[in-house]
Structure formats: structure tokens, C-alpha cells
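1. Fold the stuff below for me.
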Amino acid sequence: SRIYNDPYSSQIFTKTYSGLSNQNQTLDMSIRTLVDDQNSRVYLGDKNSWRVQLENLLNNPDGVDAKNQFIAQYGKLFMVYTGTKEKLLVIERSTRYGSNESEINLLSEYGIHTDKLDELYKNTRTLFGKELLLDNTGAQFGRDLVFRVGGADDNLKLKGGDELQNYPLLEDDGDGIKDYTAVFLTANAENKNVILIDEPETFLHLPMLPSLGHMLFQCTESRQKQIFISTHSSRLVEEILKNASPEDVNVIRLTRETNDGEFSVLDQSVLQRFTENHIISASGAIEGLFAKHVYIVESEADKIFYSLLYNLTNANPLDEALFVSAVSGKDTIRRFADLYESLGVKYDIITDFDFISSSSNNRQNSSLIRPFLKKDNSIAPDKLDEFMQLEQRLKDNSNINMKNGGLDTVPKNERNLVGELLEALRRNHVKVLPSGELESSLTDVGVEYTTNKNAWLKNALEKLYNMKDAGENLEELKVYKNLFLD
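-> Here you go, the predicted structure:
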């Protein structure tokens, strides 16, 4: 944008980018590029026509499609894209060019500006236990540049040229160190301020992602770069959010139900809750950004049971769902629900029957169900009052077994209204287990209720697997019909 807005003539543009002086035999102009790949070069036509075209664009910036034409023609001068193919090209043996030559590639840039290489070497020793060195002692009278790999204690800088030739090439090493090196070199490149990186986390183990996220953030912070990342890693997103201020990061979520995708820019202040709220951070809730559907449950045992039931009955592997435990139970469920709703993530809550008669521990006598019902405009004020009065009666009635029996132990004269309440909550993404708590959900198939959650969970999981192996239809289970069928 600086070049587009400021220059009033092609002379300023030409002076800024000295690489424009390079011509091939047909007088076509080619610009310096990050990799030795003809497909990535910017061809500008003959030495006169491109100047006329550029002057027209700069002198008429408000013309029809002027910006789009400029970006299409000259965009590669300001930005670099790194995908799978480009990562491989970046770390391969390259021709060494000097600072006064019209050609350039990424390894030559680092051969000239070596300050960032020491940081790369330090990172690869820490992450991979290997020593890297950019070797310029190869063939063609020092005109080759290639990365050599040694052990963490080899100190390749002290090796002579002949000795270095015995060390293997980076391009023959593992995918993890190759990809990390390519991402590092691209993100820290001197001559590009806009970087596009496709899945920088590829081939890296989870424990390496904090270092990757910190490195990428440091590039934008210290080197004034703008980096666009596409990723499937919630851990990488979380690490970048931890390092950055809200105004420094934009997270764009892509959802695709059909061939057409939908993009949404997520609220920055809401995203910070993923890292600043310890309960939300510990739960792994940020995974929900990559899920089609999130189910919020009360505990880890609920998460294990309901996710297995869902997966065993789900015939379409593409129709995936994420189950997230609210960690602290009923009190924190609404926090998770508000978070996903504000980010446009489809969610449902699965909770025990006593949710409809419980109060918040954080706010004295505060109803857990009222916030979900109050936002539903289809519920008339008098009906909302009726539900709240019902909630209080359920709290006061000690004869109702909220844990084992649930709806069946509610007085008959209240059951219709309780049914209306459950349906109203369901419309607002709260699915209540009618039988009581989790340990009451499989009594219809012989898994008896017990207060020993671990013992019950073991028996329940074995029952589900046995039923599946026997060819029984798990969708006929009451718990499945109550919670997963619309």
C-alpha cells in the first residue's frame, strides 16, 4: 500500500526496486524473487509498456479496478506465498548471488544478511537436537548455497569446506525440520513485508507449536511484517493469541457446508477469553473454532461417554462434533455457550436433569436456566414467570430424585409444564437428560445406576461396544433419542 499510495511516477517505483533493471533476451522484465522458480517471477512485458501501464495506474488510483489491476500485476513484489511446494524449494540447493547482482533467492538473502541465521540455528538445536549451517563452500567456485545438518554438538561453523561435504543435506532430512526451517526463513525474509504461509504447523509435534507461534509473532512485532496463516491447529492459534495484543491479531473462520464457503472475522476481545480465562483455556475449548458442532458437557466422564455414543452412531465421518467439558460444572456452562455463540460456532449443551432446579454458586439464588430462556423472544413474559415459579417448586420438593429417575419422579401434575420447559431449553441449545444424571442413562439396557462414576463409566463403555459388535442399533437407546435426535 505504501508504494501504491505514495509514488506519483514510475521513476520513484523504479528507484525503489532496483531489480527492475534485469532483462532477458526478449527484453521482458523480471523481478527479483525469493526462490529459483520461474513460475513465481513477475513478468512486466517489454521495457517500455510496463512503465506506461504503471504510470496509468498510479496517476488514476480511483479508476475502475485500478487497485485490482495493480495487485494482479505487481502484488508479488510485496508479498510471498509459502505452501507445500514452496517450502521444499526454499531449503534446496540454490545459486549464490551477491548483493550487487540483479538476481536473488532466499538463501542468498541470508548469505548477505546473516543475523537471523544464528537464531534459526539455536531454534533447531532446541527443537530437533540438530545443528544447521548454510554452506557456501560447495561446487562452482562458491556459487552454491545449501544447508548442512549435523548433531547438536558438531559445531559446523568450525568445519572446513572439505569436512562439511561429509555432512548430509537438509533437503534429505526429516519433514519436520525442513518445514520449520522453510517457515522461519520465509517469515524473516528481508525483502518481503507481507507473508502468506499455508499450514506452518505441518509435520511438527504439538510440543513444538508454542515455539513456532512465538517465532511468527516476533516476526510481526520486531520486523514490521504482516503474516497471513491458514491453519488447522488450535494450539498454534492459542499460542499466537497468548503472545499478541487483541488489536494485533485477526482470526478469520472459514466454514463450508456446500461448495461455497463463508468467512467471518472473529471478535478479538472474545478470542482473548480462550487464553485469559484459565477454566476455558484448560478445557481445550479453542478446538471448537475448527469444529462443525460443539457439545458442551458437565464433566470429563460425560465427555468420554457422550462422544463415544455419538461416534458409534455417526455413519458420516465428515459430520464430526467436538465434545468439551465445562470443567467446573454447571456454573461455567453459560460462559462456554456465550463464547461459542459470539463466535458463530454451532453448539449444544448436554446437562443433567438437576440443571433445571440448580442455582449458580457464583451468584446467590441466581437461576441457571433463566439466561437461556430470557433471550428467546417466543417465550411470553408470563410463561417465563411460570417457568421460574416451576424451577422454585422443583428446588423445594425433596421427593424428586434429580440424580436417578429425573422426570419420572416429578409429581404428575407438574410433568406437562416440565416437558414444556425442557422443550423451551432444547430450542435454546440446552438438552437436559430426562433420566437424571449420566449414571442413570443406560438403566434401560441393564447398566445399573451407581454413585461410583468410574465404575459406571467402565461398565457403560463396555456395554456400548458390546451392543455395537452385536449389531444392535444404538440409536434406539433412550439417551440417544433424548439428546441427539432433533
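
2. Where do the strands of the stretch 101-250 of the chain begin and end?
-> 130-135, 144-151, 194-198, 226-230 (DSSP state E, counting those that start in this stretch).

3. Present those as TSV; the columns should include distance to Asp382.
-> The C-beta positions use only the backbone N, C-alpha and C, and glycine is treated the same way. Output for these, formatted as TSV (distance: least, CB to CB, whole Å):
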stretch	distance to Asp382
strand 130-135	71
strand 144-151	74
strand 194-198	56
strand 226-230	51
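
4. JSON lines please, covering those strands and showing distance to Val445, mean pLDDT and mean neighbour count.
-> Formatted as JSON lines, the strands of the stretch 101-250 of the chain follow (distance: least, CB to CB, whole Å; pLDDT from 0 to 100; neighbours: other CB atoms under 10 Å):
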{"stretch": "strand 130-135", "distance to Val445": "55", "mean pLDDT": "92", "mean neighbour count": "20"}
{"stretch": "strand 144-151", "distance to Val445": "58", "mean pLDDT": "90", "mean neighbour count": "20"}
{"stretch": "strand 194-198", "distance to Val445": "47", "mean pLDDT": "90", "mean neighbour count": "19"}
{"stretch": "strand 226-230", "distance to Val445": "45", "mean pLDDT": "92", "mean neighbour count": "15"}
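
5. out of those, nearest to Asn250?
-> Smallest distance to Asn250 across these (CB to CB): 9.4 Å, for strand 226-230.

6. contacts for that closest one?
-> For strand 226-230, the surrounding residues in contact (CB atoms under 8 Å, 6 or more residues apart in numbering) are 187, 193-200, 216, 219-220, 236.

7. Go again with 6 Å.
-> For strand 226-230, contacts defined as CB atoms under 6 Å, 6 or more residues apart in numbering pick out 194-198, 220.

8. With stretch 419-429 instead?
-> The contact list for stretch 419-429 (CB under 6 Å, 6+ apart) reads 348-349, 372, 376, 387, 432.

9. Can you get me a residue count around Ser307?
-> Ser307 has 16 neighbouring residues, counting by other CB atoms under 10 Å.

10. ditto for Thr126
-> Thr126 is flanked by 11 other residues according to other CB under 10 Å.

11. Can you give me the buried ones in stretch 243-257?
-> Of all the residues in stretch 243-257, those buried under the rule 16 or more other CB atoms under 10 Å are 243-244, 249, 251.

12. In the stretch 101-250 of the chain, where is pLDDT below threshold?
-> 101-104, 113, 138-143, 191, 223 (pLDDT under 70).

13. pLDDT score for the residue lying farthest from the centre of the chain?
-> Going by CA atoms, centre = their mean, the residue of the chain most distant from its centre is Asn413, 49.7 Å out. Reported pLDDT at Asn413 in the predicted model: 95.

14. picking that back up, what's the most distant pair in the contacts of stretch 419-429?
-> Across the contacts of stretch 419-429, the longest distance by CB to CB is 19.7 Å; it joins Asp348 and Phe387.

15. From the chain's centroid, how far away is stretch 396-406?
-> In terms of CA atoms, centre = their mean, to the nearest Å, the centre of stretch 396-406 is found 43 Å from the chain centre.

16. Span of it from start to end?
-> 15 Å (CA to CA, to the nearest Å).

17. Give me the contacts around that stretch.
-> Residues from elsewhere that reach stretch 396-406 (CB under 6 Å, 6+ apart): 353-354, 409-410, 434-437, 440, 449.

18. Would you mark the buried spots in it?
-> The neighbour-count check on stretch 396-406 (16+ other CB under 10 Å) flags 400-406 as buried.

19. follow-up on the earlier one: report whether the residue farthest from the centre of the chain is found in a helix, as I expect.
-> Yes - counting by DSSP: H, G, I helix; E, B strand; the rest coil, Asn413 falls inside a helix.

20. what separates it from Lys395, distance-wise?
-> Applying CB to CB, to the nearest Å, the value for Asn413 to Lys395 is 17 Å.

21. before we move on, the earlier item: wait, which of the contacts of stretch 396-406 is closest to Ser360?
-> Closest approach to Ser360 among the contacts of stretch 396-406 (CB to CB): Asp354, at 13.2 Å.

22. what pLDDT does that closest one get?
-> According to the prediction, Asp354 has pLDDT 94.

23. for Leu34, same thing?
-> Leu34 is assigned 37 on the pLDDT scale.

24. roughly how far apart are Asn311 and Gln268?
-> According to CB to CB, Asn311 and Gln268 sit 34 Å apart.

25. Looking only at neighbour counts, state which of the two leads.
-> Between Asn311 and Gln268, counted using other CB under 10 Å, Gln268 has the larger neighbour count: 16 against 13.

26. show me the contacts for the more buried one.
-> Contacts for Gln268 were tallied using CB under 6 Å, 6+ apart; they are Pro246.

27. now do the one 3 residues further on
-> Remark: with contacts taken as CB under 6 Å, 6+ apart, Leu271 is in contact with 241, 251.

28. quick one on the thing from earlier: want to throw the buried residues of stretch 396-406 into a markdown table with pLDDT and distance to Tyr121?
-> Listed next are the buried residues of stretch 396-406 as a markdown table, based on pLDDT from 0 to 100; distance: CB to CB, whole Å:
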| residue | pLDDT | distance to Tyr121 |
| --- | --- | --- |
| Ile400 | 92 | 67 |
| Asn401 | 92 | 66 |
| Met402 | 92 | 62 |
| Lys403 | 92 | 60 |
| Asn404 | 92 | 63 |
| Gly405 | 92 | 66 |
| Gly406 | 93 | 63 |
